[in-house]
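J.: Give me a 3D structure for the following:
(one chain, ligands or ions: 2)
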Amino acid sequence: MTTVGVDVGYGHTKIVRACGREIIRSIAGPMDGRMTATGLKSTVDVVELAGEKWLVGDCALIHSPRPGVIRDRDWLDSQVWRALMTRALRGMNREGGAVIVTGLPVTFYQRDRVKMTAAVRAAWGGSDGSLIVKIIPQPLGSVFAAMLDDKGRVARPEIAKARIGVLDVGHYTTDLFTVAGLEPVERQMETLPGGVASAHDHIARDIEDSTGWRPDAAQVDQAARTGAIRVAGQSMDISQIAARRFAELAAEIEAQVRTVWKSGADLDLVILTGGGAAALKGYLKLYRHAVAVANAEFSNAEGFYKLGVKYAKR
Ligand SMILES: Nc1ncnc2c1ncn2[C@@H]1O[C@H](COP(=O)(O)OP(=O)(O)OP(=O)(O)O)[C@@H](O)[C@H]1O
Ligand SMILES: [Mg+2]
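T.: Ligands and ions are numbered 1, 2, ... in the order given. Prediction:
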């Protein structure tokens, strides 16, 4: 059996397989009818949807006349989501069966999980071999990432029994999720609007204010990570700007988190995950028992993958 964990985020799509991981900007658009795939550096980012060629990721940003993002609530119905999922499943061995594990934002989980199972099956296409599709709330991926090892074995059994809060700081949204004995606790769940993109927006504006030039989303992301950006051939130090904007975002998130988890005293552990947990490391001063996971950006997808390996063994 071949296994894949796919985390389609509003910002980036993270894919984990046995052979490694991949990250793709969550953007897709139809290919210009006059263009041929031979004009592209690589064809891995070209997928076919209902007979039409679509481009995904940075390739779409550069070459598609109408690149789109998934920001709307009906993302499962969007061609962009389909293109990203189809791209994520590309190249998988179709003999011997497959396990696909993916997630939904917590607020749509109950409403959309049946629909998503069908959408994933459709993206997989044909019915060669047996296919297992498993959908879980996105932040639960980070709980499985902490609990299971790469072979899908339970490495930390205490996690299965604990009451755990997961704070998943994403690109446009921040999910607050609670599990007790791996069961979701409905009362302590929330999707907060606002993620790293809002800090990036402020940073872009700050740079524009001092230089007259506004960097695009990818340039700001890079600048925020490295603390520097090239403007007119010179390196500009933006570490102070980034620190201020990330500290503001962290304070905002902290205040909202405390309205749900209060002192956090009833939680055994708080897991900080999502790319935003990496971005806000050093700024988020939430609870003494809060831990920032390693490879935060990939943690949900990694958990999906490990859970998939567990299912594949059954
Ligand atoms: N190590 C890092 N340092 C700084 N920023 C990072 C780091 N890793 C990821 N990010 C940024 O964190 C943000 C959130 O990333 P993530 O992939 O978790 O979001 P997403 O899952 O696409 O969004 P959402 O959860 O809202 O759907 C992105 O803007 C990303 O660029
Ligand atoms: Mg996410």
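J.: okay, CA-based contacts and neighbour counts for the rest of this
T.: Will do.
J.: Would you mind finding the longest helix in the chain?
T.: Across the chain, the helix with the greatest residue count (assigned by DSSP state H) is helix 239-261.
J.: Up against ligand 2, what does the stretch 1-150 of the chain have?
T.: Proximity of the stretch 1-150 of the chain to ligand 2, by C-alpha under 5 Å from the ion, involves residues Gly9.
J.: what are the ranges of the helices in the stretch 1-150 of the chain?
T.: Counting by DSSP state H, counting those that start in this stretch, the stretch 1-150 of the chain has helices at residues 58-63, 79-88, 109-124, 140-147.
J.: Quick check: Val270 vs Tyr283, distance?
T.: Using C-alpha to C-alpha, to the nearest Å, we find Val270 at a distance of 16 Å from Tyr283.
J.: again, but for Pro215
T.: Distance from Pro215 to Tyr283, by C-alpha to C-alpha: 24 Å.
J.: Could you do Leu76 as well?
T.: 34 Å.
J.: wait, what's in contact with the closest residue to Ala292 other than its chain neighbours?
T.: In space, Ala292 comes closest to Leu272 once its chain neighbours are excluded; the distance is 4.6 Å by C-alpha to C-alpha, 6 or more residues apart in numbering. Neighbouring residues of Leu272 by C-alpha atoms under 8 Å, 6 or more residues apart in numbering: 166-169, 290-293, 296.
J.: Are we agreed that Leu272 is in a strand?
T.: Yes: according to DSSP: H, G, I helix; E, B strand; the rest coil, Leu272 belongs to a strand.
J.: List the contacts of Ala217.
T.: Counting by C-alpha under 8 Å, 6+ apart, Ala217 has contacts His200.
J.: Next one: it, what pLDDT does it get?
T.: At Ala217, the pLDDT value in this model is 91.
J.: cool, Gly39 as well?
T.: As predicted, Gly39 sits at a pLDDT of 67.
J.: The one 5 residues further on too?
T.: Per-residue pLDDT puts Val44 at 85.
J.: Can you name the residues that contact the residue lying closest to it once chain neighbours are set aside?
T.: Closest residue to Val44 apart from its sequence neighbours, by C-alpha to C-alpha, 6+ apart: Arg87 at 7.8 Å. Counting by C-alpha under 8 Å, 6+ apart, Arg87 makes contact with 44-47, 56.
J.: Thanks a lot, catch you later.
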